[in-house]
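Q: attaching a predicted model along with its sequence, questions to come.
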Amino acid sequence: MLVGIDVAKAELVVGTRPTAERWTVANDERGVRTLVERLLRDQPELIVLEATGGYELLLVAALAAAALPVVVVNPRQVRDFARATGQLAKTDRIDADVLALFAERVRPEVRPLKDETAHELDALLARRRQLLDMLQAERNRLGQVFGKGHQRVKKSLKAHITYLERELRIADNDVAAMIRESPVWREQDALLQSVPGVGPVMSRTLLADLPELGRLSRREIAKLVGIAPLSRDSGTLGGRRFIQGGRASVRAVLYMAALVATKRNVVIRAFYQRLVAAGKPKKLALVACMRNLLTILNMMVRTQQPWRIQASTAALQLA
């Protein structure tokens, strides 16, 4: 049996294949417990649900704790699948049926899920990103205020900037404390930061948002993050390769890490300079460096070996 679950704030709508059964439970402790008990009796091959901004966390945690095969998928991927099957209407019941059909036809791979501590770290990092965005916005506004007639506005902006900077320091301290409290994460954090160009933000984002690191092949991990080149060819036309989708939070910090690595990491710097010398656009060369840096990190986590120039060079040659 394949199961699709549409998650809303108040309820969970469940659809199945091939039996086409459907039922609804409340999205609370009691409802989730009832659903898990029923699924344990039915022993489905696969359970698919969408990421819904946090409403799915209670259910996912309960399903994972019960060792049920659950996959959280990108809503856009499921919506594209629904359109491809001719299903344009959208209701909770239809969505549950589409998710069950998606599970049956696509069979997404069951991957490691974040544990409770990783979810907490993920939330802290998300808050840190929000604070950075707000801080940058307020600084931009301060730079656009001119003249003596705006003193009160300037005062308000400066006070808010000071507050946001203090909150950002608190968020950084909270993240660092979480890493220090976990022996396993301390080791992984030290391992990742042994690579020139990888700092605390990059390392902790990988720990929170990419639990698959070290468990997938270099192609799979690059595709998961969204930095694998996708083809756009048709007939005799050969289009330019492009990147799309993936985990934006990981890709954003990986971009900055690769940018630093092109100056401080001898392996990545040599690779970047070779591409630029060959006439490749600098942005394309930087994306290739992102992919190579991720390949190195993936290999290091798999082998639990710290940064070494020779090993990293060999890994890229094998890639």
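A: It's in. Residues are numbered from 1 along each chain as shown.
Q: all contacts plus neighbour counts: C-alpha atoms, from now on.
A: Will do.
Q: what residues of the helix or strand hosting K283 count as buried?
A: Assigned by DSSP states H and E, K283 belongs to helix 282-303. By neighbour count on 16 or more other C-alpha atoms under 10 Å, the buried set for helix 282-303 is 285-301.
Q: got it, and stretch 192-207?
A: 192-199, 201-207.
Q: first-to-last residue distance for it?
A: This stretch, stretch 192-207, spans 9 Å end to end (C-alpha to C-alpha, to the nearest Å).
Q: for the stretch 201-319 of the chain, what spans make up the strands?
A: 233-234, 237-238 (DSSP state E, counting those that start in this stretch).
Q: just the CA trace of the helix holding K283, in PDB.
A: The C-alpha trace of helix 282-303 is given here as PDB (Å, rounded to 0.1, in the frame of the first residue of the first chain):
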ATOM      1  CA  LYS A 282      33.400  33.600 -13.800                       C
ATOM      2  CA  LYS A 283      29.900  32.900 -12.400                       C
ATOM      3  CA  LEU A 284      29.900  29.500 -14.200                       C
ATOM      4  CA  ALA A 285      33.400  28.700 -12.800                       C
ATOM      5  CA  LEU A 286      32.200  29.600  -9.300                       C
ATOM      6  CA  VAL A 287      29.200  27.300  -9.600                       C
ATOM      7  CA  ALA A 288      31.600  24.500 -10.600                       C
ATOM      8  CA  CYS A 289      33.700  25.300  -7.500                       C
ATOM      9  CA  MET A 290      30.600  25.000  -5.400                       C
ATOM     10  CA  ARG A 291      30.000  21.500  -6.800                       C
ATOM     11  CA  ASN A 292      33.600  20.500  -6.300                       C
ATOM     12  CA  LEU A 293      33.600  21.800  -2.700                       C
ATOM     13  CA  LEU A 294      30.500  19.900  -1.900                       C
ATOM     14  CA  THR A 295      32.100  16.800  -3.500                       C
ATOM     15  CA  ILE A 296      35.100  17.200  -1.200                       C
ATOM     16  CA  LEU A 297      32.900  17.700   1.900                       C
ATOM     17  CA  ASN A 298      30.700  14.700   1.000                       C
ATOM     18  CA  MET A 299      33.800  12.500   0.600                       C
ATOM     19  CA  MET A 300      35.200  13.700   4.000                       C
ATOM     20  CA  VAL A 301      32.000  13.000   5.900                       C
ATOM     21  CA  ARG A 302      31.800   9.500   4.300                       C
ATOM     22  CA  THR A 303      35.300   8.600   5.200                       C
END
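Q: elements contacting it?
A: Helices and strands touching helix 282-303, by 3 or more C-alpha pairs under 8 Å, 6 or more residues apart in numbering; DSSP states H and E, are helix 183-193, helix 218-225, helix 248-264, helix 266-277, helix 309-318.
Q: and D115, which of those helices is closest to it?
A: helix 183-193 (12.4 Å; C-alpha to C-alpha).
Q: list the helices and strands the closest one packs on?
A: Helix 183-193 packs on helix 151-181, helix 200-209, helix 282-303, going by 3+ C-alpha pairs under 8 Å, 6+ apart.
Q: any chance of those helices in CSV, with distance to G86 and mean pLDDT too?
A: Putting the helices and strands packed on helix 183-193 into CSV (distance: least, C-alpha to C-alpha, whole Å; pLDDT from 0 to 100) gives the following:
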stretch, distance to G86, mean pLDDT
helix 151-181, 45, 88
helix 200-209, 33, 88
helix 282-303, 36, 92
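Q: could I get the ones you listed as TSV with distance to T117?
A: Below are the helices and strands packed on helix 183-193 laid out as TSV (distance: least, C-alpha to C-alpha, whole Å):
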stretch	distance to T117
helix 151-181	8
helix 200-209	9
helix 282-303	19
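Q: which one of those helices lies closest to L58?
A: Per C-alpha to C-alpha, nearest to L58 of those: helix 200-209, 17.6 Å.
Q: which other residues reach the closest one?
A: Here helix 200-209 makes contact (C-alpha atoms under 8 Å, 6 or more residues apart in numbering) with 114, 118-119, 121-122, 125, 185, 188-189, 192-193, 213, 249-250, 253-254, 257.
Q: could you pick out the buried ones from the residues you listed?
A: 114, 118, 121-122, 125, 185, 188-189, 192-193, 213, 249-250, 253-254, 257.
Q: and the spatially most central residue of the chain, what's its pLDDT?
A: Nearest to the mean C-alpha position of the chain, by C-alpha atoms, centre = their mean, lies R247 at 3.6 Å. Note on R247: pLDDT of 84.
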